[in-house]
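Participant: how does the following fold in three dimensions:
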Amino acid sequence: MANLSELIRQKEQQTEEWKQRKADERDSLNDMNDAAALRVTESAGAFLHYLDVQADNPRFSASNVLLTMEQNPEVTVFNSVKGWNGLNRNVMREEVGMKIRVGDTYVRDGRQYRGYKVGRVFDISQTTGRGQPAKSQLVDGSDAMSKALYQLLMVSPVPVVSGDARGQDALYDPNQQQIIVSGYISDSAAFRALSREVVHDHGNFPYYSRESCALSADSVSYMLSRSYGVPCDKPKVTDLVEMFDGMEARDRTSVLANFQQTFAAQRASIQRGLAPQKQEKKQEH
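Facilitator: Next up is the predicted model:
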């Protein structure tokens, strides 16, 4: 006869061991996330590399990009095994990949909850094959560029007018609460300018400060431009350390997440304009 008490004890022990493994795994991911957030916001080079990786992996959250950078400082473009297979690439057998958080739903006591589980992604250098990630290219004078510019106009929280931008390509005027775009710039310049100016903090008028919004606006514009192959200078990050000075690692991650979410929102709007019948794959967690 089976010893039911012993079986119950073994089950409870296994459950507790599983819970401890999961807790240790969460703590490890949190520690990696925090370390990456500190490193990226304390070094101009690391911050600019973060923007490149985030722009090249738009479906992934800032937290997951930070996790991949902490595990592989040379990371470029990454994906899951399934994702790479869909691009006709195979992950090399000996590769273990990088841990990220993947959204997950579960049921407990009859109620559904949303959490996350640990998944793995692999840099393109860890794969073989001829397939390459698709990348949209916006060029001056094209129908696609016109549609993208129109979508940027649509997401602007304030009116956009053509006029004297005071020697700049475009400028948010906090007094008139409008964006002024020069009529003598190229499509690419307009793309960069609009994606930058719509980020400026219109909601905080009259406490708006262009300087305090500059890094977020320039970073979003750079990521969006890079994502669509539009030439764009790297943001000036001379005030990077000062901006994040005194912030805890989690707060720094939240700031980067805000940059990413703004970039993702602009990109999603453009994607709807470029392919209204096709929705870009939902952002990963």
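Participant: CA only for contacts and neighbour counts going forward, please
Facilitator: Noted.
Participant: in this protein, which strand is the longest?
Facilitator: strand 111-123 (DSSP state E).
Participant: gap between residue 129 and residue 238?
Facilitator: Using Cα to Cα, to the nearest Å, we find residue 129 at a distance of 40 Å from residue 238.
Participant: looking at those two, which is more packed in?
Facilitator: residue 129 (13 against 10; other Cα atoms under 10 Å).
Participant: what's opposite that one in the beta bridge?
Facilitator: residue 89 (DSSP bridges).
Participant: residue contacts, it?
Facilitator: 88, 89, 90 (Cα atoms under 8 Å, 6 or more residues apart in numbering).
Participant: same check on residue 183?
Facilitator: Applying Cα under 8 Å, 6+ apart, the residues near residue 183 are 162, 163.
Participant: in terms of pLDDT, where does it sit?
Facilitator: Per-residue pLDDT puts residue 183 at 86.
Participant: same check on the one 4 residues further on?
Facilitator: On pLDDT, residue 187 comes in at 97.
Participant: residue 138 is in contact with that one, correct?
Facilitator: No - using Cα atoms under 8 Å, residue 187 is not in contact with residue 138; the gap is 9.3 Å.
Participant: mutual contacts of those two, please.
Facilitator: Shared contacts of residue 187 and residue 138, counting by Cα under 8 Å, 6+ apart, come down to residue 145.
Participant: neighbour count winner among these two?
Facilitator: Just comparing residue 187 and residue 138: by other Cα under 10 Å the higher neighbour count belongs to residue 138, 22 against 19.
Participant: excluding its backbone neighbours, what's nearest the more buried one?
Facilitator: residue 145 (5.3 Å; Cα to Cα, 6 or more residues apart in numbering).
Participant: residues in contact with that neighbour?
Facilitator: 138, 139, 187.
Participant: number of residues surrounding residue 114?
Facilitator: 9.
Participant: scratch that, residue 105 is what I was asking about
Facilitator: Residue 105 has 10 nearby residues by other Cα under 10 Å.
Participant: then residue 92?
Facilitator: 14.
Participant: so it makes contact with residue 123?
Facilitator: No - counting by Cα under 8 Å, residue 92 stays clear of residue 123, with 10.7 Å between them.
Participant: is it fair to say residue 75 lies in a strand?
Facilitator: No - with DSSP: H, G, I helix; E, B strand; the rest coil as the criterion, residue 75 is assigned coil and is not in a strand.
Participant: list the residues that contact it.
Facilitator: 53, 68, 69, 123.
Participant: low-confidence regions, the stretch 101-250 of the chain specifically.
Facilitator: 106-110, 113, 205 (pLDDT under 70).
Participant: out of the contacts of residue 145, which are inside helices?
Facilitator: residue 187 (DSSP state H).
Participant: could you point out which of the contacts of residue 145 is nearest to residue 3?
Facilitator: residue 138 (69.5 Å; Cα to Cα).
Participant: need the contact list for that closest one.
Facilitator: Per Cα under 8 Å, 6+ apart, neighbours of residue 138: 144, 145, 228, 229, 230.
Participant: per-residue pLDDT, residue 85?
Facilitator: Reported pLDDT for residue 85: 95.
Participant: apologies, that question was intended for residue 4.
Facilitator: Here the pLDDT value assigned to residue 4 is 71.
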